[in-house]
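1. here is a sequence together with a model predicted from it:
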Protein chains: 2
Amino acid sequence: MDAFFAYTDTFAKLSPEAKDALAAVSKCRQLPKGEILLRPGAVCHYIYFIEKGLSRTYYIKDGKDVTDWLSAENSFAVSIVSFISRQPDIRGIELLEDSIVWAISYQDLEKLYAQYHEIEHLGRMLVSMGIVQLQHRFDELHFATAQQRYETLITAHPNVVNRVPLVLIASYLGITQETLSRIRSAHSTATKRK
Amino acid sequence: MDAFFAYTDTFAKLSPEAKDALAAVSKCRQLPKGEILLRPGAVCHYIYFIEKGLSRTYYIKDGKDVTDWLSAENSFAVSIVSFISRQPDIRGIELLEDSIVWAISYQDLEKLYAQYHEIEHLGRMLVSMGIVQLQHRFDELHFATAQQRYETLITAHPNVVNRVPLVLIASYLGITQETLSRIRSAHSTATKRK
DNA sequence: GCTTTTTTTTGACAATTGTCAAAGGATTGC
DNA sequence: GCAATCCTTTGACAATTGTCAAAAAAAAGC
């Protein structure tokens, strides 16, 4: 759990007791690429902290695979709407690389929230970080061209882009793989020219 | 504060003491249409609960006015990224109707969060609701056509659509007012035909 | 190393949406 | 009631992005 607490310490430090309580309900799992963390259509009962590796949250819309979110090291993978609302959701989660993840169940987390004010505080901070991230992602989609979105992404997360097939990046950006391919070729000639 | 607590009670009931503490830091303001609740470029120090009326959160992107969010009765108006991160943001908030709002400052809220576990719980629930709403809005933008987005909106919030100039609805949906106008005329002939 | 599969690129064309300009309508303020 | 302002619609055309089909390139499996 070192990586987990190193991360959470940056915005909410916990007492040793609270850390112990959290550690006690966290299960570490080492899983291969391709593993399904959440089946599409199911209720999301776990939140996963990615210590090593990479996952994607996705869903099928009109027969097409849409990548909704990518989670690399030191971030969380969860179907957030399902996890919060306790309702099934079309979103699924799968691993794109061999990974080491920490899983915490909704029920265990709720118990800890009720029991430890400081863990509830951590939870509030985590959701708050989440909403800030989602808002940034939303803003990009709202009124930026496909090219602007791609450039923002490679600037902000170059490592993730290079670890993931472009088809997934395309749907993450809300465009087709063909359009992304064209943006990239235009972009690379523009870069070379300099 | 009756409307406020009637709303929050639906997902987090507070003790009388906690309600009193919250009420003590909440300021009620009756303000006219056009009033600026938050200046663009400033840090958002207040979260507003709309008891009556309507507000919009907006920003200027490439010289164009973009409506980011609409808040009607029994919902919150806030520049969420700025409020959480304590950084200035391009977003501003203005009233679209004469309104009655309750304002709570960030500092007061933080104090109450630290003081009352149950208010921190309420805060976590509020952000959680917020992230669910934002995710739904995001999903629509991600892979739906302009027409699908418009139809979802009039189905989900017909009252808001009718109270707001279409220019604002258009940018809320991520399209131009001309496109929205065309969608509407196509839509109304389609509806009449039935 | 070679085959198979997956991923990425390219081409031709279609659909959607945006841009610019102008004209109607509706509302507001006096 | 009328002028001024704001809001909405319409038209012509351009730009962006999507769709379908196929080829090229890269990666994976044996």
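-> Yep, that arrived.
2. residues from chain A in reach of DNA strand D?
-> A:145-147, A:174-176, A:178-179 (CB under 7 Å from any atom of the strand). All C-beta atoms are positioned from the backbone trio N, CA, C, and that covers glycine.
3. swap the cut-off to 10 Å and go again
-> A:33-34, A:62-64, A:97, A:144-150, A:162, A:165, A:170-171, A:173-183, A:186 (CB under 10 Å from any atom of the strand).
4. nearest spatial neighbour of the residue nearest to the spatial centre of chain A, skipping sequence neighbours?
-> The centre of chain A sits closest to residue A:71, judged by CA atoms, centre = their mean, with a distance of 3.4 Å. If the residues on either side of it in the chain are set aside, residue A:71 comes closest to residue A:77, at 4.1 Å by CB to CB, 6 or more residues apart in numbering or on different chains.
5. can you list the low-confidence ranges for chain A?
-> A:189-194 (pLDDT under 70).
6. CA atoms of stretch A:110-122 as PDB?
-> This file holds the C-alpha atoms of stretch A:110-122, laid out as PDB (Å, rounded to 0.1, in the frame of the first residue of the first chain):
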ATOM      1  CA  GLU A 110     -18.700   2.900   3.500                       C
ATOM      2  CA  LYS A 111     -18.000   1.300   6.900                       C
ATOM      3  CA  LEU A 112     -14.700   3.100   7.100                       C
ATOM      4  CA  TYR A 113     -16.300   6.400   6.100                       C
ATOM      5  CA  ALA A 114     -18.800   6.100   8.900                       C
ATOM      6  CA  GLN A 115     -16.200   5.000  11.400                       C
ATOM      7  CA  TYR A 116     -13.300   7.400  10.600                       C
ATOM      8  CA  HIS A 117     -14.000  11.100  10.000                       C
ATOM      9  CA  GLU A 118     -10.600  11.300   8.400                       C
ATOM     10  CA  ILE A 119     -11.300   8.600   5.900                       C
ATOM     11  CA  GLU A 120     -14.500  10.300   5.000                       C
ATOM     12  CA  HIS A 121     -12.400  13.400   4.400                       C
ATOM     13  CA  LEU A 122     -10.100  11.400   2.200                       C
END
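7. can you list phi and psi of residue A:63 for me?
-> phi 80, psi 0 (degrees, to the nearest 10).
8. quick one: it and DNA strand C, what's the gap?
-> 16 Å (CB to the nearest atom of the strand, to the nearest Å).
9. next one: that residue from residue B:144, what distance?
-> Shown here: residue A:63 relative to residue B:144, a distance of 14 Å by CB to CB, to the nearest Å.
10. more crowded one of the two?
-> residue B:144 (16 against 5; other CB atoms under 10 Å in any protein chain shown).
11. for the more buried one, give its distance to DNA strand C.
-> Relative to DNA strand C, and taking CB to the nearest atom of the strand, residue B:144 is found at 8 Å.
12. how about the nearest residue to that residue, chain neighbours excluded?
-> Nearest non-adjacent residue to residue B:144, counting by CB to CB, 6+ apart: residue B:152, 7.3 Å away.
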